[in-house]
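Asker: Predicted coordinates and the sequence they were generated for:
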Amino acid sequence: MVWRGRALTLGLLAAAALAAGGCDERLSDVTGPTPNLQPTFSSIQRDVFAATDSAGRPACTNCHTNQGRNPAGGLNLLGDAAYAQLVNVPSRGRPDVLRVKPGDPDGSYLVHKVEGRSDIVGARMPLRGPYLTAGQILVLRRWIALGAPNN
């Protein structure tokens, strides 16, 4: 009887290890045109907000800047201003929804805008595309789910 219990336990552990290994894909395998993208604010700032990617998606800071203009949607995504403009701040188009609600990607208006959900005011972002890939959005969602730390 003891042997059966051990065999069952070992079998369950092996199955769990295989399942976990199969789901643990590298981020670079899903982020497409931004292979170095990580679920940290500094990486999202550098690789999404401030950079045009290899697929031709324009940098968010092309429009969301206070240099020489008023930032689109009142959102400045340049450097040190970006985090304070995003996290726990009501969106301009939907003041009832935070731009980034730490721990809640589905409740974050930024996610709604990049996914092009039906509840957004205005257009999907980035304006006229190309849009973020599913992998890029996954990393953004993961950062928010982790509490949207300023890291």
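Answerer: Perfect, thanks for sending it. Residues are numbered from 1 along each chain as shown.

Asker: quick one: low-confidence parts of the chain?
Answerer: Applying pLDDT under 70 to the chain flags the ranges 1-25, 27-29.

Asker: Helices of that one, start to end?
Answerer: Under the criterion DSSP state H, the chain contains helices at 2-23, 41-44, 81-86, 109-115, 134-145.

Asker: list the buried ones in the second one?
Answerer: If you call a residue buried by 16 or more other C-beta atoms under 10 Å, then helix 41-44 has these buried ones: 41, 43-44. (Glycine included, C-beta is placed from N, CA and C.)

Asker: Dump those into JSON lines; add distance to residue 128 as well.
Answerer: As requested, these are exported to JSON lines (distance: C-beta to C-beta, whole Å):
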{"residue": "41", "distance to residue 128": "26"}
{"residue": "43", "distance to residue 128": "25"}
{"residue": "44", "distance to residue 128": "21"}
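
Asker: what's the closest of those residues to residue 130?
Answerer: Taking C-beta to C-beta as the measure, residue 130 sits nearest to residue 44 out of the buried residues of helix 41-44, at 17.4 Å.

Asker: Against residue 140, how distant is the closest one?
Answerer: From residue 44 across to residue 140, the span is 6 Å (C-beta to C-beta, to the nearest Å).

Asker: what do you get for residue 82?
Answerer: Applying C-beta to C-beta to residue 82 and residue 140 gives a distance of 13 Å.

Asker: Kindly report the same for residue 54.
Answerer: Distance from residue 54 to residue 140, counting by C-beta to C-beta: 18 Å.

Asker: show me the contacts for residue 43.
Answerer: 36-37, 139 (C-beta atoms under 8 Å, 6 or more residues apart in numbering).
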